[in-house]
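> What follows is a protein structure lacking sequence information:
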């Protein structure tokens, strides 16, 4: 196996697959290169002389410019490369759209068909507090109910949060909207909405905002309206629980799947293994009529031009431009640097600039055209590849994907993380060392691509595993119960 990987033929750097010591040599493109520094796995090596001010090229695109002369064999990283990115920009629409060949796969998964025709991949009973003040009461209801009943459904879980009161404007609206999206999520076979009674996020207004929903599957309780909210809550949960026991999994086409695409704790292999694997999967699912959603807007900066070229039409292009520039304005409004990225962990893993990170991050979206751009809290309306407004924060972005209607989130990582969102959150490792070290975190290893490179074969295996998970196989975070929601907050707290 080679000790390095060249991503694009135009690149002037390669990525070390394993550690390379100073003084060792590598052979590439007919030349022998003497390594000038100790190079860690995932880090970059110059394969051409790069003069001060010239572009450093990776993925066939600039990831920054050289701060000083970089010689062949030098370590290329934060000490000699700087981002080229700036503030808001103007863009022109030059479409380069690839139409995927429509697939006719007969693959199915075992899901729960809901009254509105959507398919859930779990049949769970959720308690959703309208306000953080009743998180404790919600937990008590579940704890006592579980003592009295054998669990015959997929799960019973409380999704507590800190919001629902003392919020204004968009924050208040977003909290109400995303909680409403959860109430109607197909992975929930039953929902108890637990309020306090005096909060801004009033149950009456929340209920009105829901529009059409399956009222037989939802119960509402204001704690201040009853003498014993725990006792009343258990009664309502029991009603839902009894009804849900008759729910059965049935064959559903994979076109019913809506899958979120997310990365976190990325490293130098993210854009070589796990993210491209998700890209191949995304194209495959979309070709079969399904949907995927790409988010983490700050981690599109530097790669946005590639996404804009794939906009289905002028309207989608304009929405993509707004997606990017509105998020930059969000940073500017709060007097924060737009490009305070990558993180220390990213840099330790070999990612140098935000362009480096973004060009790897957006690999998850494959090559399909972009059919729609969703604002935070909006739900998927069009089958295909969607973009979603959300920050890069792992918990907030993964939750946002669930709020948009995704039944599952695929989460690539080179450093590892144990968390899980309120929908199944599959951890896909970028390297085999992480998969071996953290088998209780990692669900699927994409690091084998560094060893055999057969992405099509691995993508088929990956699709089959996703079908198994959609049909009920638990992920590691589900086994441990590490599940939570995080709501995006942009304004003041009263």
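Done, it's in. Model, not experiment: these values are computed from the prediction.

> so what are the domain limits for the chain?
Taking automatic domain parsing as the reference, the chain has its domains at 4-82, 124-248, 252-480.

> hey, where'd the strands end up in the stretch 101-250 of the chain?
Under the criterion DSSP state E, counting those that start in this stretch, strands of the stretch 101-250 of the chain are mapped to 108-113, 119-120, 124-129, 155-158, 188-195, 218-222, 250-253.

> so which of those gets nearest residue 470?
strand 108-113 (4.0 Å; CB to CB). Just so you know, the C-beta spots here come from the backbone N, C-alpha and C atoms, and that holds for glycine as well.

> residues in contact with residue 338?
By CB atoms under 8 Å, 6 or more residues apart in numbering, residue 338 lies in contact with 85, 87, 298, 301, 328, 331, 332.

> Please list only the buried members of those residues.
Buried residues within the contacts of residue 338, counting neighbours by 16 or more other CB atoms under 10 Å: 85, 298, 301, 328, 331.

> of those residues, closest to residue 69?
residue 85 (22.4 Å).

> The most centrally placed residue in the chain: what's it in contact with?
The chain has residue 262 as the residue nearest its centroid, 2.3 Å off, counting by CA atoms, centre = their mean. Shown in contact with residue 262 (CB under 8 Å, 6+ apart): 295, 296, 364, 394, 397, 398, 401, 409, 410, 411, 412, 425.

> And for the nearest residue to it once chain neighbours are set aside, the neighbour number?
Leaving aside its chain neighbours, residue 262 sits nearest to residue 411 (4.8 Å; criterion: CB to CB, 6 or more residues apart in numbering). Neighbour count of residue 411, defined by other CB atoms under 10 Å: 28.

> Check the secondary structure at residue 411 for me.
strand (DSSP: H, G, I helix; E, B strand; the rest coil).

> Pretty sure it sits against residue 259.
No - using CB atoms under 8 Å, residue 411 makes no contact with residue 259, being 11.0 Å away.

> that older thread, in TSV: the contacts of residue 338, plus pLDDT.
TSV is the format used below for the contacts of residue 338 (pLDDT from 0 to 100):
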residue	pLDDT
85	86
87	77
298	93
301	93
328	91
331	88
332	88
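
> can you put those residues in JSON lines and add distance to residue 449 and secondary structure?
Shown next, in JSON lines, are the contacts of residue 338 (distance: CB to CB, whole Å; DSSP: H, G, I helix; E, B strand; the rest coil):
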{"residue": "85", "distance to residue 449": "29", "secondary structure": "coil"}
{"residue": "87", "distance to residue 449": "36", "secondary structure": "coil"}
{"residue": "298", "distance to residue 449": "27", "secondary structure": "helix"}
{"residue": "301", "distance to residue 449": "26", "secondary structure": "coil"}
{"residue": "328", "distance to residue 449": "33", "secondary structure": "helix"}
{"residue": "331", "distance to residue 449": "34", "secondary structure": "helix"}
{"residue": "332", "distance to residue 449": "39", "secondary structure": "helix"}
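
> ok, those vs residue 444, which is closest?
Set against residue 444, the nearest of those by CB to CB is residue 298 (25.9 Å).

> Quick one: residues contacting that closest one.
For residue 298, counting by CB under 8 Å, 6+ apart, the contacting residues are 327, 331, 338, 341, 354, 391, 392.

> Next, work out how far apart it and residue 199 are.
Distance of residue 298 to residue 199, given as CB to CB, to the nearest Å: 31 Å.

> Repeat that for residue 374.
27 Å.

> try residue 209
For residue 209, the distance to residue 199 - CB to CB - is 15 Å.

> pretty sure residue 183 contacts residue 193?
Yes - here residue 183 reaches residue 193: they are 6.3 Å apart, a contact under CB under 8 Å.

> joint contacts of those two?
128, 218.

> Sketch out the low-pLDDT regions of the protein for me.
Along the chain, segments meeting pLDDT under 70 span 1, 150, 340.

> Sketch out the helices for it, chain order is fine.
135-148, 169-183, 203-209, 229-244, 274-287, 304-309, 314-333, 344-348, 354-361, 394-403, 432-437, 455-470, 476-480 (DSSP state H).

> Go through the ones you listed and pick out the most buried.
Scoring the helices of the chain by mean neighbour count under mean count of other CB atoms under 10 Å gives helix 354-361 as the most buried, with a mean of 28.

> Return the distance of stretch 98-111 from the chain's centre.
22 Å (CA atoms, centre = their mean, to the nearest Å).

> picking that back up, could you dump the contacts of residue 262 into JSON lines with distance to residue 283 added?
Below are the contacts of residue 262 laid out as JSON lines (distance: CB to CB, whole Å):
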{"residue": "295", "distance to residue 283": "18"}
{"residue": "296", "distance to residue 283": "19"}
{"residue": "364", "distance to residue 283": "11"}
{"residue": "394", "distance to residue 283": "24"}
{"residue": "397", "distance to residue 283": "21"}
{"residue": "398", "distance to residue 283": "22"}
{"residue": "401", "distance to residue 283": "18"}
{"residue": "409", "distance to residue 283": "18"}
{"residue": "410", "distance to residue 283": "14"}
{"residue": "411", "distance to residue 283": "19"}
{"residue": "412", "distance to residue 283": "16"}
{"residue": "425", "distance to residue 283": "22"}
